[in-house]
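**Student:** Return a 3D structure for these sequence lines:
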Amino acid sequence: NTPRSAANSRVKQLSCFLLSCVLLSPGEVKAATPTYLPCKDSASFNSLANRRLASYEKTLSNYEPGTPTYLATLERMRSAKNRFSRQSALVCGRNDGLPRLFSSDPSTLYNSFAVPALQFLYIAICIGWAGREYLLRTRQYASEILIDLPLALTLMATSPFKAIPSSWDNLLKGRLLQP
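**Tutor:** Numbering: from 1, shown residues only. Predicted coordinates:
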């Protein structure tokens, strides 16, 4: 076995691997009946938009021009037109004509899910820490009914800064679960 034959062997292995990847990779698959189509091409979506706008026009005919109700309905109608024109660029279900949102952009997923989830967890931790700390400091059942407001407000005001470090410290010291 010479270094040259070992290199040839590796080249052959790599070329076999690449050839098998190309041959075994799935090709483009087209569905017989696609589930989604552009909203602008969807008859159901266009029908829904036309019905909604027609209902606004019918409502407008019931009121005198210039009245507050007429102007509010006119504004709702303009808003609906704008909404339908924006949604026409989306993808709709073939049967129902309702727009679907697909998030392939990670920043969209991050901003629409991760940030609110982390905000919720942070707020829940702050509220939980303030309640736990209040109960640990008072240690009286009467204080659960008649709340010591200055203490409770102080704990709620300091919880955004102390909740996570204090909880982490209690976890490391084994004091997280108090009887």
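
**Student:** how about the strand or helix carrying Val115: buried residues?
**Tutor:** In this assignment (DSSP states H and E), Val115 forms part of helix 115-138. Within helix 115-138, the residues that count as buried by 16 or more other Cβ atoms under 10 Å are Cys126, Trp129, Ala130, Arg132, Glu133, Tyr134. Yep, even glycine has a C-beta here, placed from its N, CA and C like the rest.

**Student:** With distance to Arg51 added, can I get these in JSON lines?
**Tutor:** JSON lines is the format used below for these (distance: Cβ to Cβ, whole Å):
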{"residue": "Cys126", "distance to Arg51": "47"}
{"residue": "Trp129", "distance to Arg51": "52"}
{"residue": "Ala130", "distance to Arg51": "51"}
{"residue": "Arg132", "distance to Arg51": "54"}
{"residue": "Glu133", "distance to Arg51": "56"}
{"residue": "Tyr134", "distance to Arg51": "55"}
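
**Student:** Save the residues you listed as a markdown table, and put in pLDDT and distance to Pro38 too.
**Tutor:** Output for the buried residues of helix 115-138, formatted as a markdown table (pLDDT from 0 to 100; distance: Cβ to Cβ, whole Å):
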| residue | pLDDT | distance to Pro38 |
| --- | --- | --- |
| Cys126 | 92 | 45 |
| Trp129 | 91 | 49 |
| Ala130 | 93 | 50 |
| Arg132 | 90 | 53 |
| Glu133 | 91 | 55 |
| Tyr134 | 94 | 56 |
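
**Student:** Identify the farthest-apart pair in the residues you listed.
**Tutor:** Maximum pairwise distance in the buried residues of helix 115-138, criterion Cβ to Cβ, is 12.5 Å, between Cys126 and Tyr134.

**Student:** hmm, back to that, so which of the buried residues of helix 115-138 comes closest to Pro99?
**Tutor:** Nearest to Pro99, judged by Cβ to Cβ, of these is Cys126 at 36.7 Å.

**Student:** I'd like to know how far the closest one sits from Leu177.
**Tutor:** 19 Å (Cβ to Cβ, to the nearest Å).

**Student:** and if you look at Gly131?
**Tutor:** Gly131 sits 15 Å away from Leu177, going by Cβ to Cβ.

**Student:** How about Tyr36?
**Tutor:** Distance of Tyr36 to Leu177, given as Cβ to Cβ: 50 Å.

**Student:** more crowded one of those two?
**Tutor:** Shown here are Tyr36 and Leu177; by other Cβ atoms under 10 Å, Tyr36 has more neighbours (15 against 7).

**Student:** List the contacts of the spatially closest residue to the more buried one that is not a sequence neighbour.
**Tutor:** Ranked by Cβ to Cβ, 6 or more residues apart in numbering and with sequence neighbours excluded, the top spatial neighbour of Tyr36 is Val91, at 4.6 Å. By Cβ atoms under 8 Å, 6 or more residues apart in numbering, the residues touching Val91 are Tyr36, Leu37, Pro38, Cys39, Pro99, Arg100, Phe102.

**Student:** Lovely, talk soon.
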